[in-house]
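Participant: any chance you can model this:
(one chain, ligands or ions: 3)
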Amino acid sequence: MKPPTEYTMPSRLAEVYKAHPAYLHHNHLDFESLREVPESHAWPPLDDYPSRDSYGAESVPVIDLADPNSVKLVGYACKTWGVFQVTNHSISMRLLDNIESEGQRLFSLPRQQKLKAARLPDGISGYGVARISSFFPKLMWSEGFTIVGSPAEHARQLWPQDFSSFCDAMEEYEKEMKQFAGRLLWLILSSLGINKEDIKWAGPTGDFGDAGAVLQLNSYPACPEPNRAMGLAAHTDSTLLTVLYQNSTSGLQVLRDGVEWVTVTPIKGALVINVGDLLHILSNGRYPSILHRAVVNATHHRLSIAYLYGPPMNVQISPLSKLVDPSHPPLYRPVTWSEYLDAKAQHFNKALSSVRLCTPLNGFVDMNNNNSVKVG
Ligand SMILES: C=C1C[C@]23C[C@@]1(O)CC[C@H]2[C@@]12CCC[C@@](C)(C(=O)O1)[C@H]2[C@@H]3C(=O)O
Ligand SMILES: O=C(O)CCC(=O)C(=O)O
Ligand SMILES: [Fe+2]
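Facilitator: Ligands and ions are numbered 1, 2, ... in the order given. Now for the predicted structure:
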């Protein structure tokens, strides 16, 4: 008799959704031609919490990475906001301009052409609506393109004769981002008193060479009735950290202290960094994984490029032992990135609570659990 086949967690990002395919509606709307928001895309008013540019006198921290105090500043930003912007980050303006224009070139293609590179239900890369769409009754006012490693296969479907400039730009960006995200992760970990001996999976040279990553291009067309549409619904990222480049149109908002949506105002050349669910676990709840969303506007197209950075696929992430003691018991059980993405695909914003062991003693409120964001 054949033994029952056991489910083994995938070791490659490309395989991660095989067990939980998402049959999403491909967006067949031509956003640009619409004079009003159709029912399929009409969300209830986005006034669950007030939206502002600052939280009292404070706005989302902007940190100059050349500042000798950067570790302290990053620690404060991660603890109180879970998000900050960085300048002096070493990614050249030429590269940022280049990925922005290649991203624009992609989303300006006719819809039928883009659909040739559609993401498959059990796949991770390609063109389509956000994966979290399946949890909402209404569609979002956005399109996305997801890249893992080389985008060549899909780019060839989009531009049979002319795909190399897109691939070159995306691959160069992925390479630069991998280095930058590793450097940034050490900065964040140092702010928690963590060093190279504490993280074996950083590899022999500590460069996080086996880290996993996904590049997500997001396009938000101008919308005739922005208050009735949602660019990207409120979520946290299933990452260690996310590095986001946004064009000059604002739209990203973060929920501060569970009471107010605060806009992350675009700064030319700056990058937005946000704490993801896995860093929240690693820090034993000290750094909140921030709930965020993207809203749209009536006049300007918005483009964002998110570098979603995670650990090697099969490494168990759990609260770091230096951050665990009798008054700070471990809040989460060990989980691999692969397992966590699987939990997110099933439970969306309840994924973090699905791996939680106990409630924090310090009164920290997990936004994933307190997600009262109204969606319909
Ligand atoms: C590895 C991943 C994280 C992500 C889902 C994905 O498979 C690839 C895209 C990521 C993204 C980007 C937009 C928002 C988000 C919630 C989504 O639907 O797709 C995130 C996912 C995530 O962080 O959980
Ligand atoms: O477009 C944005 O500003 C947000 C994008 C985002 O949250 C994501 O890609 O995970
Ligand atoms: Fe996000």
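Participant: just want the most central residue of the chain.
Facilitator: Centroid-nearest residue in the chain, with Cα atoms, centre = their mean: residue 237, separated by 4.4 Å.
Participant: part of a strand, is that one?
Facilitator: No - counting by DSSP: H, G, I helix; E, B strand; the rest coil, residue 237 is not part of a strand but coil.
Participant: that one and residue 279 touch, don't they?
Facilitator: No - contact criterion Cβ atoms under 8 Å: residue 237 and residue 279 do not qualify, at 9.5 Å. Heads up, the C-betas are built off the backbone N, CA and C, glycines and all.
Participant: now do the shared contacts for the two.
Facilitator: Shared contacts of residue 237 and residue 279 (Cβ atoms under 8 Å, 6 or more residues apart in numbering): residue 289.
Participant: pLDDT value on residue 92, please?
Facilitator: For residue 92, the pLDDT comes out at 98.
Participant: now the helices for the stretch 151-300 of the chain?
Facilitator: Counting by DSSP state H, counting those that start in this stretch, the stretch 151-300 of the chain has helices at residues 152-158, 164-190, 277-282.
Participant: list the buried residues of the longest one.
Facilitator: Spelled out, that is helix 164-190. For helix 164-190, a neighbour-count test (16 or more other Cβ atoms under 10 Å) marks 166-167, 169-171, 173-174, 176-178, 180-182, 184-189 as buried.
Participant: please apply the same query to stretch 304-319.
Facilitator: For stretch 304-319, using 16+ other Cβ under 10 Å, the buried residues are 304-315, 317-319.
Participant: over to stretch 193-201?
Facilitator: Neighbour-count burial for stretch 193-201, with 16+ other Cβ under 10 Å as criterion, is recorded at 194, 199.
Participant: same question, stretch 317-330
Facilitator: Within stretch 317-330, the residues that count as buried by 16+ other Cβ under 10 Å are 317-320, 323, 330.
Participant: roughly how far out does that stretch sit from the chain middle?
Facilitator: A distance of 25 Å separates the centroid of the chain from that of stretch 317-330, by Cα atoms, centre = their mean, to the nearest Å.
Participant: how about stretch 247-255?
Facilitator: 13 Å.
Participant: that stretch near ligand 1 at all?
Facilitator: No - residues of stretch 247-255 contacting ligand 1 under Cβ under 6 Å from any ligand atom: none, with a closest distance of 11.8 Å.
Participant: what pairs with the helix or strand where residue 145 lies, parallel or antiparallel?
Facilitator: Using DSSP states H and E, residue 145 maps to strand 143-147. Here strand 143-147 has these sheet partners by DSSP bridges: strand 126-128 (antiparallel), strand 212-220 (antiparallel).
Participant: re the thing from before, ligand 1 versus the residue nearest to the centre of the chain, what's the distance?
Facilitator: Using Cβ to the nearest ligand atom, to the nearest Å, residue 237 is found at 4 Å from ligand 1.
Participant: if we can go back for a sec, and the helices of the stretch 151-300 of the chain: which comes nearest ligand 2?
Facilitator: helix 277-282 (11.7 Å; Cβ to the nearest ligand atom).
Participant: quick check: residues of the stretch 201-350 of the chain near ligand 2?
Facilitator: 216, 218, 232, 237, 244, 246, 251-252, 292, 294, 304, 306.
Participant: please name the nearest non-neighbouring residue to residue 339.
Facilitator: Excluding the flanking residues, the one nearest residue 339 by Cβ to Cβ, 6 or more residues apart in numbering is residue 9, at 5.7 Å.
Participant: next up, the contacts around the residue lying closest to residue 102 once chain neighbours are set aside.
Facilitator: Of all residues not flanking residue 102 in the chain, residue 169 sits nearest, at 4.5 Å (Cβ to Cβ, 6+ apart). Residue 169 makes contact with 95, 98-99, 102, according to Cβ under 8 Å, 6+ apart.
Participant: from those residues, which single one is nearest ligand 2?
Facilitator: Nearest to ligand 2 among the contacts of residue 169, counting by Cβ to the nearest ligand atom, is residue 99 at 14.0 Å.
Participant: now that closest one: how far from residue 50?
Facilitator: 33 Å (Cβ to Cβ, to the nearest Å).
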